[in-house]
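Asker: Curious how this folds, go ahead:
(6 chains, ligands or ions: 6)
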Amino acid sequence: MATATDAETDTSAETLSATVIGASGFTGGELLRLLAGHPNFELAQATSREYANKTLGSVHPNLRGSDLRFSEPSDLESVDVLFAATPHGVSMEHIDSFREAADTVVDLSADFRLDTEAEYDEWYDGHSCPEYLDEAVYALPELTREELPGADLIAAGGCNATATLLGLSPLFDAGILFGSEQVVVDVKVGSSEGGASPSKASSHVERSGIVRPYAPTGHRHEAEIEGILGTSVSFSAHAVDMVRGASATCHVFPDSPVSKGDLWKAYREAYEDESFVRLVAGGGGVYRYPEPKAVAGTNYAEVGFELDPTNKRIVVFSAIDNLMKGSAGQAVHAANLALGFEETAGLEFEGLHPVGSP
Amino acid sequence: MATATDAETDTSAETLSATVIGASGFTGGELLRLLAGHPNFELAQATSREYANKTLGSVHPNLRGSDLRFSEPSDLESVDVLFAATPHGVSMEHIDSFREAADTVVDLSADFRLDTEAEYDEWYDGHSCPEYLDEAVYALPELTREELPGADLIAAGGCNATATLLGLSPLFDAGILFGSEQVVVDVKVGSSEGGASPSKASSHVERSGIVRPYAPTGHRHEAEIEGILGTSVSFSAHAVDMVRGASATCHVFPDSPVSKGDLWKAYREAYEDESFVRLVAGGGGVYRYPEPKAVAGTNYAEVGFELDPTNKRIVVFSAIDNLMKGSAGQAVHAANLALGFEETAGLEFEGLHPVGSP
Amino acid sequence: MATATDAETDTSAETLSATVIGASGFTGGELLRLLAGHPNFELAQATSREYANKTLGSVHPNLRGSDLRFSEPSDLESVDVLFAATPHGVSMEHIDSFREAADTVVDLSADFRLDTEAEYDEWYDGHSCPEYLDEAVYALPELTREELPGADLIAAGGCNATATLLGLSPLFDAGILFGSEQVVVDVKVGSSEGGASPSKASSHVERSGIVRPYAPTGHRHEAEIEGILGTSVSFSAHAVDMVRGASATCHVFPDSPVSKGDLWKAYREAYEDESFVRLVAGGGGVYRYPEPKAVAGTNYAEVGFELDPTNKRIVVFSAIDNLMKGSAGQAVHAANLALGFEETAGLEFEGLHPVGSP
Amino acid sequence: MATATDAETDTSAETLSATVIGASGFTGGELLRLLAGHPNFELAQATSREYANKTLGSVHPNLRGSDLRFSEPSDLESVDVLFAATPHGVSMEHIDSFREAADTVVDLSADFRLDTEAEYDEWYDGHSCPEYLDEAVYALPELTREELPGADLIAAGGCNATATLLGLSPLFDAGILFGSEQVVVDVKVGSSEGGASPSKASSHVERSGIVRPYAPTGHRHEAEIEGILGTSVSFSAHAVDMVRGASATCHVFPDSPVSKGDLWKAYREAYEDESFVRLVAGGGGVYRYPEPKAVAGTNYAEVGFELDPTNKRIVVFSAIDNLMKGSAGQAVHAANLALGFEETAGLEFEGLHPVGSP
Amino acid sequence: MAECVECGADVALHDDLEAGEIIDCGTCGVELEVIDVNPPVLDRAPELEEDWGE
Amino acid sequence: MAECVECGADVALHDDLEAGEIIDCGTCGVELEVIDVNPPVLDRAPELEEDWGE
Ligand SMILES: NC(=O)c1ccc[n+]([C@@H]2O[C@H](COP(=O)([O-])OP(=O)(O)OC[C@H]3O[C@@H](n4cnc5c(N)ncnc54)[C@H](OP(=O)(O)O)[C@@H]3O)[C@@H](O)[C@H]2O)c1
Ligand SMILES: NC(=O)c1ccc[n+]([C@@H]2O[C@H](COP(=O)([O-])OP(=O)(O)OC[C@H]3O[C@@H](n4cnc5c(N)ncnc54)[C@H](OP(=O)(O)O)[C@@H]3O)[C@@H](O)[C@H]2O)c1
Ligand SMILES: NC(=O)c1ccc[n+]([C@@H]2O[C@H](COP(=O)([O-])OP(=O)(O)OC[C@H]3O[C@@H](n4cnc5c(N)ncnc54)[C@H](OP(=O)(O)O)[C@@H]3O)[C@@H](O)[C@H]2O)c1
Ligand SMILES: NC(=O)c1ccc[n+]([C@@H]2O[C@H](COP(=O)([O-])OP(=O)(O)OC[C@H]3O[C@@H](n4cnc5c(N)ncnc54)[C@H](OP(=O)(O)O)[C@@H]3O)[C@@H](O)[C@H]2O)c1
Ligand SMILES: [Zn+2]
Ligand SMILES: [Zn+2]
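Answerer: Numbering: from 1, shown residues only, chains lettered A, B, ... in the order given. Ligands and ions are numbered 1, 2, ... in the order given. Here you go, the predicted model:
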């Protein structure tokens, strides 16, 4: 198999055709934006059942410059890469036609993230084509980079799982945590996590200004986190008043005392060569810890930590844009690695300051 | 000493004069509003150094109907009750003149909340008149009701401590927690917790849309919580995009298994006779758990919980308005109990729905 | 006929029974809140088709203390007063059964606001029972107070029309405007104006942070404004990021020069005896002009103005809470006047400061 | 003189050095972001008195990747281009040292926008170096493009003036308006217009959820608008709850009747070849008219209109990001034209959807 | 009156209660199905797996 | 290619255009009904009186 480096050399000037399924949705729209700015992709199709034949700009005002129109998902052309940004259950139902249409399939849903049918029975309502679970590669490039080159069925890691795993995994890698400790994960998320279908709970009136526990226990992302970390976590999610953003605060209690230096060492080792992780832990100014709005629109994750001297607790903070590092950005990042493109291709936007509540 | 019931009978028609120190601030303004609507109080003075001689309405637009003007804090008249709503350190400095001016002093700051000088040395910068610490009564009426009647130096419980304590104490009272367990408290607060002085971090531009860890560890309210619960907690606070509101999520791990029924029993026992606590745990509709905006402007606390079957975790949620149940409302509630007024006098407002981000 | 004063004397201690149709909606919920705190009303029924048999608190968290449950609108009991808070068209369809059920009907919709069938043909889709239009009294008490005592079919003025009319009518009354001048009305409104049914445009994601022209021309409230002022206005509405609130900026160009003193005279004459209008025009501090959040939750209207010396323009500002002075509060105010109750009964709430985006 | 086309050919691969004065402020930070992504500029210095020697990322979290540190404005190196993003009055005071340091000076303040000293006497507090006013070129490229190539003192058009002028000028160019008509301009702006210094009025608590008239009459941008249009306008500005964005609604009354087709013709003629203007007028979906959040972070202006058949009014809407098309973006756009770079260089970001309140 | 199966509180019942009706407990808010009316028997209503927050 | 009846811009049409289909003009965004396909004729689609903002 070609190494990543070879692949890069070979493909840097290449342009592949791409289709986005579920392109009228939130993560689908974000994929359209990223592919439009990507040097190695050309958008062939963008599907929507509701908006078929309408311009992309009629749904996504930032794409008003595009001439493309949505097409029906039943009319798939042959392309190099297909991104599926559909609700849970759709990809597993259509996976055969997706793979027929494209050599590489990148799925943003949870349909191919877990390893075994048994896990889908436990956390979801089973799985209709478990035969693909083995083949599918879980994509959270900072943790699973080496499995990606050449992968042709990719399951992009979920938003809350990504935020959590980026915060916690350096502690396991550095031997600070082992898996037997209590791990509390308290997550705060924006409204775009809910997808584009309207409901009373997600209306502006009811959802403004809230701190709403929406998955106090039993959140499905626990399965994903456990799958990667090999240990279960105590996970609760709260909806807060922002549109983009997921922020995880992990409270952990190592068995042996650690120092601030140990923590810096662990996190720098984990991330110092990573293009998309920024360590933000203390320091001065207004932005001292990870903050979702500092990464909004970008593929960055901010990760930071603090040490509680009184009780040996470590608090880890992690912030991402759920539509970028938590889904569409992660999917493009994974595709870049799978196909041998420049890792950061199409993902260069650095974000805005000042910015309100993106 | 007269019992509360006697007192009530005696005083229900009584009108006492009251002064608010720090009346141009956030909690001070809230006190002005509450006293204006209180059947047993008449506002005598409202102090501000910056706005002395200006109308109350020039700072607080909801008080435009009032004819009173701010006066200098150095010009105190004799009144029955004095409420101090000043930054930490001011009350301890002026406590003698406050007590000279009024029979009953209710302090909203942390200056008289802790029991001993040693605690002030540990958590603050010491204390300038520790001789009053014994006498001062900590007011979180649901937990310290019996000490309030007749008290003449009252320290209203802090906002984050109140949210946390209301969530946790029933578990200790019911023998579900003992004090040796890990207790994680993850708090989300609004911008009015920061007081009225402007700063870059609290500007609209920088503070909109945030999930900002602002006291990752070592928050001073830990001292208060520990003082009441008798056990330390792992506390972290995040600033989120709302103005009023404090919401505490407590993650706790009881040694022995509990059922949902045990939890309902513990919380109903604790709060079923309380006027200002609503249990909100599950059920239907949009508002299934405690939510700050559902109690904004009111003296209510919403408390709820959920049980995580997989790992024996209990998640407790608690939501208050920091300017009401977390400070000014609590102060008036405490004064009502101390002076024998109807417990809910002046605190009847039930809140708004729909409401955005109050 | 009894004068208002007589009526007051007679009825101050009276308690009337009341029904709210459309009680699960935004203005219906507000009516429930107001009636619960009203000394002369007792709530008999609150209808909802969707939530029939559920507690009021399951929809409106601020009413969690109430034991009442929603009932079907087809099961109306006999009451003294019926408030209809239903979408346009419902009241005209059910007006006979409403009047059979109650002596006094207060309608919050536009169904009985205009004077003639012809206007409904022009601005709406006609009218199904035009025979009631003559009898119905338009209720914007500051302008139509004398027609209200004894009225038994009341059409509460619309939110944007109320804001506009309160701003403009003193200029007509004082002879500063005559009706031939250009009048531009530029309105900014919150999301609760749209009612409780969810849609994509009113989702938190799409509606946050907007300045969205939603009725650039041809807004139906023009009809109402014209009906009262006797002259047409150039009206445009914008949705902005707040939940409660309607703010009208009127730009007018009087034929003859006026002074600031003339304006103060006109507005003081119009409103100095009004309980629910506050003049706010210039002065110091943060709140120098009318501001929706300063009146949120209250029945107040703030009205102010500024004079543009260079081109003889007067700019008039007016701010209300659309769910209060713009609908439910106005309806209760009108009922108070119709039934001879204290004018401000049930409407005493003065609002909050600080407050975010209520 | 070289034509723009020649210049382009000559300079496309060139890299010029650039300094930003006032780089710790809002428009200064935006310039840093734009220059970092610009193919023809290399940032040499970024000045701040308050943050001198600190990293750019300590103020602007989106620049955490940069190694540069702020320097003192008194220590200017020689560069090709100097951008001044300082409060009114600073540039006129330092203009000689700015010009000594750089061949081309682009000023974002109002210091060189007006034509004559007399205008500065009327609208501001005079001018300290009026001798440069003649030379300075007002930069709103859609209107003043031909004056820019080769300009070496450029005054970037103001945010509210830009929004207004882009909306109105096609009507004048097309002979629909002549200058004698009443023109009302009602503007809504975000909090970043106020600059980075904190104040009570701009605190999160007081500024959230507002519709606050902050320049009811006499706004200084009227001078600029009048300077370009040759006619005065009736201008009022309101602060609303967003951070980035300025939206102008112009209400105009042409003497002769116009049709929708006439309007489309006028606006298409004006803007169909413009890279940064999008016409958005009616159509379907959620975003039917210009909307600030649809252009946040970009250099686009959205312009649209609606016709009021009843009274011959045209309503024109125009939306920009005040920190981009309203200042830093406009400055870079102007520099591109002045220096012969690709017009859109460094300004390619297309914006985000969904997005909250950027 | 009947007892809520979730929280144990008393639930007030209306007169014309019918089997199959869904009501909510005034204390804990849980949705209860009326299984029987005479005497009244309540059980947790089947949960609609709706996505109520996100 | 056909001309938009609202704004006069050219509207690009896809190959398998069918009468009755609704498309939007890329310039002004107005919804257009395909009245005829050969040659293509477009007209303003009947406006759904939806409450799209408030
Ligand atoms: N939102 C996030 O933050 C986030 C983060 C990580 C992962 N994800 C995952 O990404 C996926 C998409 O999420 P989203 O938030 O973008 O959802 P969304 O906004 O609801 O969009 C879903 C899209 O799928 C299309 N669709 C729905 N059912 C379909 C079907 N049966 N066949 C074909 N197309 C169908 C819809 O368009 P039409 O109905 O017009 O066809 C729509 O464009 C989900 O699996 C979600 O779990 C989301
Ligand atoms: N905000 C909350 O959510 C909250 C909750 C619980 C408890 N608390 C506590 O309540 C107290 C007040 O908080 P806040 O948020 O209302 O603060 P704030 O808005 O900053 O107001 C403080 C007030 O104190 C006055 N003041 C300051 N220094 C003074 C001095 N030396 N002598 C006399 N007056 C002085 C100020 O007015 P002038 O400068 O005009 O005199 C101002 O009116 C604090 O101790 C705080 O910890 C606040
Ligand atoms: N929102 C404002 O700011 C405002 C201001 C001034 C005036 N208004 C007017 O007030 C009225 C109500 O507005 P809203 O915003 O409160 O609307 P909303 O939130 O949509 O509520 C409408 C209510 O009417 C009920 N309803 C709908 N159709 C019905 C029918 N055919 N029969 C019986 N009940 C029906 C609905 O409940 P079920 O479906 O459960 O029965 C719901 O409770 C409208 O006419 C509106 O124009 C509103
Ligand atoms: N904000 C907008 O939307 C907008 C739009 C169009 C035009 N403008 C114009 O752009 C200019 C900058 O606005 P802004 O909003 O970016 O303001 P800002 O955020 O307040 O920033 C001003 C900057 O200037 C620096 N500064 C202040 N006084 C100085 C002096 N005497 N010498 C050198 N540096 C000084 C400050 O930094 P240090 O104090 O650290 O040196 C700060 O970095 C203003 O003229 C404004 O009118 C702004
Ligand atoms: Zn129950
Ligand atoms: Zn068109």
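
Asker: now the strands for chain A?
Answerer: Secondary structure of chain A by DSSP state E: the strands cover A:16-21, A:41-46, A:79-84, A:102-107, A:137-139, A:153-156, A:183-189, A:211-215, A:234-240, A:246-252, A:277-279, A:301-308, A:313-320.

Asker: center of chain E - which residue?
Answerer: E:L32 (1.9 Å; Cα atoms, centre = their mean).

Asker: Where does that one sit, in terms of helix or strand?
Answerer: Under the criterion of DSSP states H and E, E:L32 resides in strand E:31-37.

Asker: Going by neighbour count, which residues of that strand are buried?
Answerer: E:31-32, E:34 (16 or more other Cβ atoms under 10 Å in any protein chain shown). Any C-beta I mention is one placed from the backbone N, CA and C, and that applies to glycine too.

Asker: next one: stretch A:196-207
Answerer: Neighbour counts over stretch A:196-207 (16+ other Cβ under 10 Å) mark A:196, A:198-199, A:201-207 as buried.

Asker: now those residues in TSV, with pLDDT and distance to chain E?
Answerer: Listed next are the buried residues of stretch A:196-207 as TSV, based on pLDDT from 0 to 100; distance: Cβ to the nearest Cβ, whole Å:
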residue	pLDDT	distance to chain E
A:A196	96	12
A:P198	95	12
A:S199	95	7
A:A201	96	5
A:S202	96	8
A:S203	97	12
A:H204	98	15
A:V205	98	15
A:E206	98	10
A:R207	98	9
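
Asker: can you redo the residues you listed as JSON lines with distance to A:G218?
Answerer: Shown next, in JSON lines, are the buried residues of stretch A:196-207 (distance: Cβ to Cβ, whole Å):
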{"residue": "A:A196", "distance to A:G218": "25"}
{"residue": "A:P198", "distance to A:G218": "25"}
{"residue": "A:S199", "distance to A:G218": "20"}
{"residue": "A:A201", "distance to A:G218": "18"}
{"residue": "A:S202", "distance to A:G218": "20"}
{"residue": "A:S203", "distance to A:G218": "25"}
{"residue": "A:H204", "distance to A:G218": "28"}
{"residue": "A:V205", "distance to A:G218": "28"}
{"residue": "A:E206", "distance to A:G218": "23"}
{"residue": "A:R207", "distance to A:G218": "22"}
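
Asker: filter these down to the ones near chain C?
Answerer: A:196, A:198-199, A:202-205, A:207 (Cβ under 8 Å from any Cβ of the partner chain).

Asker: can you tell me which of these are in helices?
Answerer: Taking DSSP state H as the definition of helices, those contribute A:204-205, A:207.

Asker: now, which of these sits nearest ligand 3?
Answerer: Nearest to ligand 3, judged by Cβ to the nearest ligand atom, of those is A:V205 at 9.1 Å.

Asker: how near is the closest one to C:A36?
Answerer: 21 Å (Cβ to Cβ, to the nearest Å).

Asker: re the thing from before, quick one, which of the strands of chain A is nearest to D:E142?
Answerer: strand A:41-46 (29.4 Å; Cβ to Cβ).

Asker: State the mean pLDDT of that closest one.
Answerer: Across strand A:41-46, the average pLDDT comes to 98.

Asker: And stretch A:152-169, by the same measure?
Answerer: 98.

Asker: Tell me if it is near chain D.
Answerer: No. Legend: contact between stretch A:152-169 and chain D by Cβ under 8 Å from any Cβ is lacking; minimum distance shown is 14.0 Å.

Asker: and that stretch, does that touch ligand 1?
Answerer: Yes. Stretch A:152-169 is in contact with ligand 1 by Cβ under 6 Å from any ligand atom, via A:158-159.

Asker: closest to ligand 1 among the ones next to chain C among the buried residues of stretch A:196-207?
Answerer: A:A196 (3.3 Å).

Asker: doesn't C:K200 make contact with that closest one?
Answerer: Yes. With contacts counted by Cβ atoms under 8 Å, A:A196 reaches C:K200, the gap being 7.1 Å.

Asker: Name the residues of the stretch 251-358 of chain A found near chain D, please.
Answerer: For the stretch 251-358 of chain A, the contact set with chain D under Cβ under 8 Å from any Cβ comprises A:278, A:280, A:283-285, A:287, A:291, A:294, A:296-298, A:323, A:348-358.

Asker: Narrow these to just the buried residues.
Answerer: Judged by 16+ other Cβ under 10 Å, buried ones among those: A:278, A:280, A:285, A:287, A:291, A:294, A:296-298, A:323, A:349-358.

Asker: start to end distance for stretch A:176-186?
Answerer: 20 Å (Cα to Cα, to the nearest Å).

Asker: now that stretch, how far from the centre of its chain.
Answerer: The chain centroid and the centroid of stretch A:176-186 are separated by 22 Å, computed with Cα atoms, centre = their mean, to the nearest Å.

Asker: Stretch A:276-290 now?
Answerer: How far stretch A:276-290 lies from its chain's middle: 21 Å, per Cα atoms, centre = their mean.

Asker: How about stretch A:152-164?
Answerer: For stretch A:152-164, the distance to the chain centre is 5 Å (Cα atoms, centre = their mean).

Asker: okay, how far is it across it, tip to tip?
Answerer: Using Cα to Cα, one end of stretch A:152-164 lies 26 Å from the other.

Asker: Just the buried positions in stretch A:58-73, please.
Answerer: Buried, per 16+ other Cβ under 10 Å, within stretch A:58-73: A:58-64, A:66, A:68-71, A:73.

Asker: Tell me if that stretch is near chain C.
Answerer: No. Figure legend: stretch A:58-73 not in contact with chain C (Cβ under 8 Å from any Cβ); closest approach 9.4 Å.

Asker: CA atoms only for that stretch, dumped as PDB, please.
Answerer: This file holds the C-alpha atoms of stretch A:58-73, laid out as PDB (Å, rounded to 0.1, in the frame of the first residue of the first chain):
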ATOM      1  CA  SER A  58     -31.600  29.400  -1.700                       C
ATOM      2  CA  VAL A  59     -30.800  27.300   1.400                       C
ATOM      3  CA  HIS A  60     -27.300  28.400   2.200                       C
ATOM      4  CA  PRO A  61     -26.900  32.200   1.600                       C
ATOM      5  CA  ASN A  62     -23.100  32.000   1.800                       C
ATOM      6  CA  LEU A  63     -23.300  29.900  -1.400                       C
ATOM      7  CA  ARG A  64     -25.300  32.400  -3.400                       C
ATOM      8  CA  GLY A  65     -22.400  32.600  -5.900                       C
ATOM      9  CA  SER A  66     -22.700  29.000  -6.900                       C
ATOM     10  CA  ASP A  67     -24.600  28.000 -10.000                       C
ATOM     11  CA  LEU A  68     -25.200  24.400  -8.900                       C
ATOM     12  CA  ARG A  69     -28.600  23.200  -8.000                       C
ATOM     13  CA  PHE A  70     -29.700  20.500  -5.600                       C
ATOM     14  CA  SER A  71     -30.500  17.100  -7.100                       C
ATOM     15  CA  GLU A  72     -32.500  14.100  -5.900                       C
ATOM     16  CA  PRO A  73     -30.500  11.600  -3.900                       C
END
